[in-house]
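A.B. asks: next come a sequence and a model predicted from it.
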Amino acid sequence: MASWILFGGVHVASLSFAFLTLWRLYKYIRRYRFTESKYTLLFGFVHLHWFAVAYIISASAWVLVSWGIFTLI
Amino acid sequence: MTDLPKDFIEPIQKIEETDQDGKPVREELSETPRKIEEQSAMPPEGLHILPEVDNTNRHFKGQQKNEIVLAFTRKHWLVIIPHILWLLMLMIAPVAIFWFRANYDFSEFISPVAYRVISGLAIIAITYFLHMCFLRFFNFYLQTFIITNYRVVQLDQTLYFVRNRDSIDLREIQDIEIHQKGIMPTICNYGELIITLSSAHATKHVSFMPNPEYFFRKINKTKREYITARTLEKGQASKL
């Protein structure tokens, strides 16, 4: 039981941190905007929004994957 | 379209450049003449000052009212490669665990309690690294090097904890050097930009600068135009 409480606590903290990070990020980039081009983007095409989407998907998917790992035995 | 004096718009158009491939470089300024024409009022006859466009805190915190961003860049993509590799390893780790479980029975090697403890610690560690990796990606986008018509600004900030801003006035720049040594900097076209200031011979180092040759030329050209504009302004102000 204690391990499940710890498991839940870790993921609640993890998801809260992810949302807080994205909130701070978007608050900043909405306020200070740059016109991006292939010379300024990562590898010439990777937008910051793609990383934001990947982040939220990864953090959510990790909850499921880690649950799977935790219950293997 | 507002009829601006020819010598008023000309210095701005001159700043548009091409990169090393000969292709035009898209910059903040490429849209600026049109915006200036739409937003600004006619300057007084014979007074060649910058138009009244309020850019205060528009592109970065601390941007001045008449300050125009001419070019900006982030660090070279090589600085982010280790974090991308870390993220890939984090993705592979669970797959490896599931594969191992599918082929072997864990209970032969480890007791259920020990497994819970180890997997719990691993989950905490992987969660931490996952967030750190993405924070590094976001910070990569926030750390920018900006050239404006007044100064060179380096924003060294992160989402949490760090908010450094280093600004060098164009007239304080005495000398600029670029250092590209080694195979990787030459192949991947990055280098170190060293700006020497006129005051006390202090230097400013900007490492992992992509396309350093372009920014070297850009700063030199902007500085020359800034000094020319200042001289003209002073001359005309003294006439008035």
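C.D. replies: Structure's in. What do you need?
A.B. asks: span of stretch B:145-153 from start to end?
C.D. replies: Stretch B:145-153 has its terminal residues 6 Å apart, counting by CA to CA, to the nearest Å.
A.B. asks: bridging residues for the residue nearest the centre of chain B?
C.D. replies: The centroid of chain B falls nearest to B:Thr144 when counting by CA atoms, centre = their mean (2.4 Å). Judged by DSSP bridges, the bridge partners of B:Thr144 are B:Arg74, B:Leu155.
A.B. asks: next: B:Val69.
C.D. replies: Beta-bridge partners, per DSSP bridges, of B:Val69: B:Thr148.
A.B. asks: wouldn't it be in contact with A:Phe34 here?
C.D. replies: Yes: between B:Val69 and A:Phe34 there is a contact under CB atoms under 8 Å: 7.4 Å. Where you see a C-beta, it was placed from the backbone N, CA and C, and this is true even at glycine.
A.B. asks: break chain B down into its structural domains.
C.D. replies: B:6-75+B:143-239, B:80-139 (automatic domain parsing).
A.B. asks: if we can go back for a sec, contact partners for the residue nearest to the centre of chain B?
C.D. replies: For B:Thr144, the contacting residues are A:Phe34, B:Phe60, B:Phe72, B:Thr73, B:Arg74, B:Gln154, B:Leu155, by CB atoms under 8 Å, 6 or more residues apart in numbering or on different chains.
A.B. asks: just flag the most distant two among those residues.
C.D. replies: The span of those, defined through CB to CB, is set by A:Phe34 and B:Gln154 at 14.6 Å.
A.B. asks: can you say which helix or strand has the closest residue to A:Leu48 other than its chain neighbours in it?
C.D. replies: For A:Leu48, ignoring the flanking residues on the chain, the nearest one in space by CB to CB, 6 or more residues apart in numbering or on different chains is B:Tyr141 at 4.7 Å. Secondary structure from DSSP states H and E places B:Tyr141 in helix B:112-142.
A.B. asks: that helix: which residues count as buried?
C.D. replies: B:115-116, B:119-120, B:122-124, B:126-127, B:129-131, B:133-142 (16 or more other CB atoms under 10 Å in any protein chain shown).
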